[in-house]
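> Okay, predicted coordinates and the sequence, questions at the end:
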Amino acid sequence: MADPENAKEATTLRYAFGNVLSFHSSLDRSSRFLDPSFLCLLIDFQVIKYESVIHEFDPYFNYRVTQFLTKNGIYDFWNWFDDRTWYPLGRVIGGTVYPGLTLTAGTIWWILNSLNIPLSVETVCVFTAPIFSAFASWATYLLTKEVKGAGAGLTAAALLAMVPSYISRSVAGSYDNEAVAIFALIFTFYLYIKTLNTGSLFYATLNALAYFYMVCSWGGYTFIINLIPMHVLLCIVTGRYSSRLYIAYAPLVVLGTLLAALVPVVGFNAVMTSEHFASFLVFIIIHVVAFVYYIKGILSPKMFKVAVTLVVSVGLVVCCAVMAILIALVASSPTKGWSGRSLSLLDPTYASKYIPIIASVSEHQPPTWPSYFMDINVLAFLVPAGIIACFLPLSDASSFVVLYIVTSVYFSGVMVRLMLVLAPAACVMSGIALSESFSVFTRSIKFQLHGLSGSSQVDSGDASSSTVVAQNDAGKAEKTEDTAKERPSKKSKKKEKGIVDKPSLKAKIERRLLVLPFEASIFAILLLVLLGAFYVVHCVWAAAEAYSAPSIVLTSYSHDGGLHVFDDFREAYAWLSHNTEVDDKVASWWDYGYQTTAMANRTVIVDNNTWNNTHIATVGTAMSSPEKAAWEIFNSLDVKYVLVVFGGLVGYPSDDINKFLWMVRIGGGVFPHIKEPDYLRDGQYRIDSQATPTMLNCLMYKLSYYRFVETDGRGFDRVRQTEIGKKNFKLTHFEEVFTTHHWMVRIYKLKPPRNRIRGKTKKPRSKKAQQLEQKEVQLLRGIRGIRPMKLENAKCTVMLILHLPRLWLHFEQELNSEFARMNNRCLLILR
Amino acid sequence: MARSTSKDAQALFNSLRSAYSATPTSFKIIDLYVGFAVFTALIQVVYMAIVGSFPFNSFLSGVLSCVGTAVLAVCLRIQVNKENKEFKDLPPERAFADFVLCNLVLHLVIMNFLG
């Protein structure tokens, strides 16, 4: 196994040097923007290390939907009602899925097939993400070019091509919404900035269409429809209103709302939920402002003052009335019109208090500090420099990018999944910072080389006199990270005015100040190149080691260097698809729902869509109850097989026992008889001999550890690092039908209801039946002295004699139950 | 107080009127079109308030088409106005072509959403 290791190292080094060199040279030539896009495609370790397989959980659902689309066409897809999931309820796929990704992949597949290139749907799905990451890199170039210039654009594109956070969601095989949505996000922002810079209605139309594509692709489109109004408001408040702003914003709101309402998932939410109200509010505000500017333009100043006083006095009353109505409308809904997910973003503690399902998803937890460095590496401290560089000539576009980075930093701090939205912003900012600093250093070197007479040859133009300051004072970051956006932008506007007013006077002095000493510039450039090299090495390492794992296939290295593959999940799904009936229902925790429907092709009870909390709570309650109660619940749902994931034998930490407390919490949220403290000993979650009896008797414990003691004699759980509490027990209502090679997936079947029921049944009896029962008991008491066998025989014959006339008389009503009961007892006795 | 405000209102109204009559006729036509569109939207809202909003998508597409064409006409007026320094080198034919394109897209979406 040594060769692949060496080869990998060699490729890493090669990438590092190659990329650094192309990095440097591409800054001078603005036409080679293809380089960063190729970089994206080159870093594709997942297919090399594993195979072309679809990762994780959500992509399996998307893959199944795409299969359906390619097989049945778009009309059936649009109207598809899926009955293989959420068992008794089903799911309206057409109305609850964001169709952008599947339609994109379906279109690519269809075009390729009509050109007679026979790629399978799986190949197209696996490779959609890397292709769109190349497009995203191109879109980042365009966006940054609009903000700062081509050099910054190339740098930003190169940074995005490799940033680990984006790679983690766009590896080959990660066929999830973000693969396409991040491209749509950056492209929409680019078109908005382009419209803002040029004031062309053509780009405004394109902007609306790109926004439509974003709405089709991802629920995160609400970020766009809230960020753009925020930026418009910022521009108005800082006095940067212009007609270009109106052209950029007003058509977008109207067309965008209409286009968003076209997508079935969003539908009327586009006008009725609070997520969109910001855009309407700012729409009204911008019209008021535009009208005010128009009136100001056609009236004399005196008359304008009169108009203002008149309008303010009358308008205030009307305004208050309208606001009161609006507030009453909004306050009448319990969540103030926001959806649960949006509320959990605004108030990070909301989910843990009210919606345990949202709180339990690992992607929704706040990130740790090291994950910032892992995911955006060097960019984390280039971003403040970029923010300062944006302020120096503050334009509409650069204020937008500053707002983008500030909001995305906040949201990434709430949910680790949103680090993905931070990545493009960080790349744009860092690209700006690096490009500005490079241009300062190269200018200094050129200047120094040409001597003092070269002041006329030095490039003029950008009033970036403080970039020197920016490079040296990284500590100015506090200035930019505040919520009152008005203050820094007003300050910098004044600075900008000051610079503009005296260009010629200060120009020569500024150019002198811009120049750094020769050696310092060379050394600084070398350091920056080294920084770039570190970044590349880290990204390649992160992509290869941390983010290439498909998580459905696990690997580990044994002590002799051999690779050991754990393919248990696919083994279990293959077993299910080959050894069960097509209509059998499988119950498992919701994590595995998508994979089970996609790979095993069996109906599941709950899956990753988690739209129905009560249904998930039912499954959670079943897993937390003792065997008999769990059997009852599963039987009522027509479940045949139960699937649990168990990592105790091999040390796989994300198994169901580790997730079990969430099952208790979610179940307890709906069914109050499940109480979390019952499963904890002194507030600690244990499964060893000190665990509570409720824990040791619950279904999850039993299904996970059934026969576990046979593996090593002691039942040592490698994940929890203890011996289990209850070792030798039998299952009364379930039987084990399959356990995979490493015991990672265990499948159990529900035993059919018992034939022999001891004691009285709970069904209500008629009076005659009760009398017969009493007679039977008396007779049996009479013949008590006889041996047990003969007693049973006597019981049987007595019952036959007693019940025969009744059978004739009450044939239809009593036949089934009484006859069956009698039959069963006789069979048991005479066997 | 009331007398001075009414006098002020009168003076304001007169000055507005005189200033507005100085605008070229083509802009007045565009303004008329905008006013008509907004008026149609208002009628639709009043109708919905009376009759009920059952095919809500039809109501939405009707109102938004009126508002949309009004907005686009305003954008056209901004771009064609010679007094706007930002657009002085934009040929009015290009502005009109953009206007037509955007309207096409808008009405395509409206037709689809009308139901």
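Done, it's in.
> Right, and chain B sits closest to which residue of the stretch 101-250 of chain A?
In the stretch 101-250 of chain A, the residue that lies nearest chain B is residue A:201 (3.6 Å; C-beta to the nearest C-beta). All C-beta atoms are positioned from the backbone trio N, CA, C, and that covers glycine.
> residues in contact with the residue nearest to that residue when sequence neighbours are not counted?
Spatially, and ignoring its direct neighbours in sequence, residue A:201 is nearest to residue B:98 (3.6 Å; C-beta to C-beta, 6 or more residues apart in numbering or on different chains). For residue B:98, the contacting residues are A:200-202, A:205, B:79, by C-beta atoms under 8 Å, 6 or more residues apart in numbering or on different chains.
> Check residue A:641 too.
For residue A:641, the contact set (C-beta under 8 Å, 6+ apart) comprises A:576, A:580, A:584-587, A:602, A:737, A:747-750.
> what helix or strand does the closest residue to residue A:717 other than its chain neighbours sit in?
Nearest-residue entry for residue A:717: residue A:648, 3.9 Å, with adjacent residues in sequence omitted and distances by C-beta to C-beta, 6+ apart. According to DSSP states H and E, residue A:648 maps onto no helix or strand at all.
> Please verify my assumption that residue A:648 contacts residue A:722.
No - using C-beta atoms under 8 Å, residue A:648 makes no contact with residue A:722, being 10.0 Å away.
> more crowded one of those two?
Comparing residue A:648 with residue A:722 by other C-beta atoms under 10 Å in any protein chain shown, the one with more neighbours is residue A:648, at 25 against 17.
> what's next to stretch A:196-210, contact-wise?
A:146, A:184, A:187-188, A:191-192, A:194-195, A:243-245, A:247-248, A:251-252, A:255-256, A:259, A:396-397, A:400, B:72, B:75-76, B:79, B:86-87, B:90, B:95, B:98-99, B:101-102, B:105.
> quick one, strands of chain B?
For chain B, no strands turn up when DSSP state E is the criterion.
> got any ranges where it has weak pLDDT?
Residues of chain B that meet the criterion pLDDT under 70 lie in B:1-3, B:5.
> Distance from the chain centre to stretch A:717-728, please.
33 Å (C-alpha atoms, centre = their mean, to the nearest Å).
> for that stretch, which positions count as buried?
A:717, A:719-720, A:722-726 (16 or more other C-beta atoms under 10 Å in any protein chain shown).
> Going by distance to residue A:177, which of these wins?
Nearest to residue A:177 among the buried residues of stretch A:717-728: residue A:719, at 31.3 Å, using C-beta to C-beta.
> now that closest one: how far from chain B?
Counting by C-beta to the nearest C-beta, to the nearest Å, the gap from residue A:719 to chain B is 52 Å.
> That residue reaches residue A:652, doesn't it?
Yes - between residue A:719 and residue A:652 there is a contact under C-beta under 8 Å: 6.9 Å.
> is chain A contacted by the longest helix along chain B?
Under DSSP state H, the helix in chain B containing the largest number of residues is helix B:25-51. No - using C-beta under 8 Å from any C-beta of the partner chain, helix B:25-51 stays clear of chain A, with a minimum separation of 10.5 Å.
> re earlier: mind putting the contacts of residue B:98 into a markdown table with secondary structure?
Shown next, in a markdown table, are the contacts of residue B:98 (DSSP: H, G, I helix; E, B strand; the rest coil):
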| residue | secondary structure |
| --- | --- |
| A:200 | coil |
| A:201 | helix |
| A:202 | helix |
| A:205 | helix |
| B:79 | helix |
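> and of those, the nearest to residue B:55?
Using C-beta to C-beta, these come closest to residue B:55 at residue A:205, 27.1 Å.
> quick one on the thing from earlier: narrow the contacts of stretch A:196-210 to those that are buried.
Listed as buried from the contacts of stretch A:196-210 are A:146, A:184, A:187-188, A:191-192, A:194-195, A:243-245, A:247-248, A:251-252, A:255-256, A:259, A:396-397, A:400, B:72, B:75-76, B:79, B:87, B:90, B:95, B:98-99, B:101-102, B:105; burial here means 16+ other C-beta under 10 Å.
> how's chain A carved up into domains?
Domain assignment for chain A by automatic domain parsing gives A:569-750, A:791-831.
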